[in-house]
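> the following comprises the amino acid sequence and a computationally predicted model.
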Amino acid sequence: MTPGPFRGRGILEIPGITLGHAGEFGPDRLTGVTAVLPPPGAHVGVDVRGGGPATHETDVIAPGTHSYGADAIVVTGGSALGLQSVSGVVRALAEAGRGFPAPGLADTVIPLVPAAAIFDLGRGDGTARPPTDVDGEAAARAALRSAHDRAQAPGVRGSLGAGLGARSGQQTMRSSTGSIAIRLPGGYTVAALVVANPLGTIGTPDGNLWAGPLLDSYGFDLPRIGHLPATPESTAEATSAKNTTIAIVATDAALNPAQVTRMASGAHAGIARAIHPSHTLFDGDTVFAVATGDVSLPEDFAASTLDQVAITAAAADALSLAVIDAHVAAAPVEDSWGQPPTLSDVAPDFVETFAAQD
């Protein structure tokens, strides 16, 4: 297989990972939940860099904890109100027997489910209708079904799950969920799944992409996007905390908890390369990382270190490209919905060419 980036099945190109979505895509309610299930034994990490995060149980996957990992990682809409969806994910996983064995309690498990939320409140009919525990349970059950029946492979990009209400550029353009994978010459695969809902924009003032140099370095031959919708003047309302980019990067490499957390940290460069500005006080930018352990690192220390650097660099690249993918994949809606345009409305030639890269 040729090294380099490809859309494919995105994060599902990492064997053992599955996911499920739930939510509502209509003129009255645009929000949802995505539950990603790492395989048993996977190591996970997280790095929170934004100034306005809404998170849940991120401390339990920090290096130095018991290193159990996570039974699911949840990305949800609804800001902190949407974190109630995690209880539904926990309930579904517990019923399925997935979780940390409760000491001294036979047949009882405690699912560990770190989560992070984007702000999408009011992006349907203007009322706050965040994801609920019912939405979370539906997303988890969809992921469990997919884990048992690979024929039910879920989507990894577009207006689904947590990306249903995503926007960018101070809410001037609709975004969604995106996912890209990269094969490395060393035999590893790295992938990113992102819900891109940033304050900043993907487009430069001269009609190019902030991630343009990265796309050029991989040999993408793409049309210019031209000028995106103008962002409003910087007022308290326009720049308020209605944002956040949440990502999950993953690899089949055998990384320990410290190494996978370093991958999460390094992947933040991918947000910064694709979005300007990023990591603001009005964003809660958060990156989770998963290492499934299928491909061992070299025993030689120097060779192992070099491979870890390459994996982390690829995670950042995959995340930059996934941010673009999230904009390319956003589904247009009827004018009657009163929603901002998508990239396909603004730059159809770019979207068609990017989507055909596979």
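Structure received. Numbers count the residues shown, from 1 in each chain.
> would you point out the helix or strand in this protein whose mean pLDDT is lowest?
One helix or strand of the chain scores below all others by mean pLDDT, DSSP states H and E: strand 100-101, with a mean of 91.
> quick one: strands adjacent to that one?
Here strand 100-101 has these sheet partners by DSSP bridges: strand 109-110 (antiparallel).
> which strand is the longest one in this protein?
The residue-count maximum for a strand in the chain (DSSP state E) belongs to strand 286-295.
> does anything pack onto it? Which helices or strands?
The contact analysis (3 or more C-beta pairs under 8 Å, 6 or more residues apart in numbering; DSSP states H and E) places strand 286-295 against strand 43-48, strand 246-253, helix 257-274. To be clear about C-beta, it is placed using only N, CA and C from the backbone, and glycine gets the same treatment.
> can you pull out the helices in the stretch 151-300 of the chain?
Counting by DSSP state H, counting those that start in this stretch, the stretch 151-300 of the chain has these helices, from start to end: 212-217, 257-274.
> just send those back as TSV, with distance to residue 163 and mean neighbour count too.
Shown next, in TSV, are the helices of the stretch 151-300 of the chain (distance: least, C-beta to C-beta, whole Å; neighbours: other C-beta atoms under 10 Å):
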stretch	distance to residue 163	mean neighbour count
helix 212-217	21	15
helix 257-274	15	24
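> follow-up on the earlier one: who does the longest strand of the chain pair up with?
Counting by DSSP bridges, the strands paired with strand 286-295 are strand 43-48 (antiparallel), strand 246-253 (parallel).
> mean neighbour count, mean pLDDT and distance to residue 155 added to these, as TSV?
Below are those laid out as TSV (neighbours: other C-beta atoms under 10 Å; pLDDT from 0 to 100; distance: least, C-beta to C-beta, whole Å):
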stretch	mean neighbour count	mean pLDDT	distance to residue 155
strand 43-48	23	96	23
strand 246-253	30	98	15
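> before we move on, back to that, so which bits of the longest strand of the chain are buried?
By 16 or more other C-beta atoms under 10 Å, the buried positions in strand 286-295 come out as 286, 287, 288, 289, 290, 291, 292, 293, 294, 295.
> where does the stretch 101-250 of the chain have low pLDDT?
Along the stretch 101-250 of the chain, the parts satisfying pLDDT under 70 run over 150-151, 233-241.
> re the thing from before, so can I have CSV of the strands paired with strand 286-295 showing distance to residue 92?
Listed next are the strands paired with strand 286-295 as CSV, based on distance: least, C-beta to C-beta, whole Å:
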stretch, distance to residue 92
strand 43-48, 19
strand 246-253, 19
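> residue 77: which of those strands is closest?
Nearest of the strands paired with strand 286-295 to residue 77, taken as C-beta to C-beta: strand 246-253 at 10.1 Å.
> rewinding a little: quick one: which of the strands paired with strand 286-295 is nearest residue 211?
Of all those, it is strand 246-253 that lies closest to residue 211, at 14.1 Å by C-beta to C-beta.
> show the contacting residues for residue 169.
Contacts for residue 169 (C-beta atoms under 8 Å, 6 or more residues apart in numbering) come out as 198, 200, 201, 202, 203, 228, 229, 231.
> before we move on, what about residue 4?
Listed by C-beta under 8 Å, 6+ apart, the contact set of residue 4 reads 182, 183, 218, 219.
> residue ranges of the strands in the stretch 1-150 of the chain, please?
4-6, 18-25, 30-37, 43-48, 55-56, 73-76, 100-101, 109-110, 115-117 (DSSP state E, counting those that start in this stretch).
> residue 339: which of those is closest?
Using C-beta to C-beta, the strands of the stretch 1-150 of the chain put strand 30-37 closest to residue 339, at 7.6 Å.
> pLDDT of the closest one, averaged?
On average, the pLDDT along strand 30-37 is 98.
> paired strands for that strand, with orientation please.
Next to strand 30-37 in the sheet, as set by DSSP bridges, lie strand 18-25 (antiparallel), strand 73-76 (antiparallel).
> against residue 98, how distant is the residue lying farthest from the centre of the chain?
The C-alpha centroid of the chain is most remote from residue 104, which lies 36.2 Å away (C-alpha atoms, centre = their mean). Going from residue 104 to residue 98 by C-beta to C-beta, to the nearest Å gives 19 Å.
> same deal with residue 63?
From residue 63 across to residue 98, the span is 23 Å (C-beta to C-beta).
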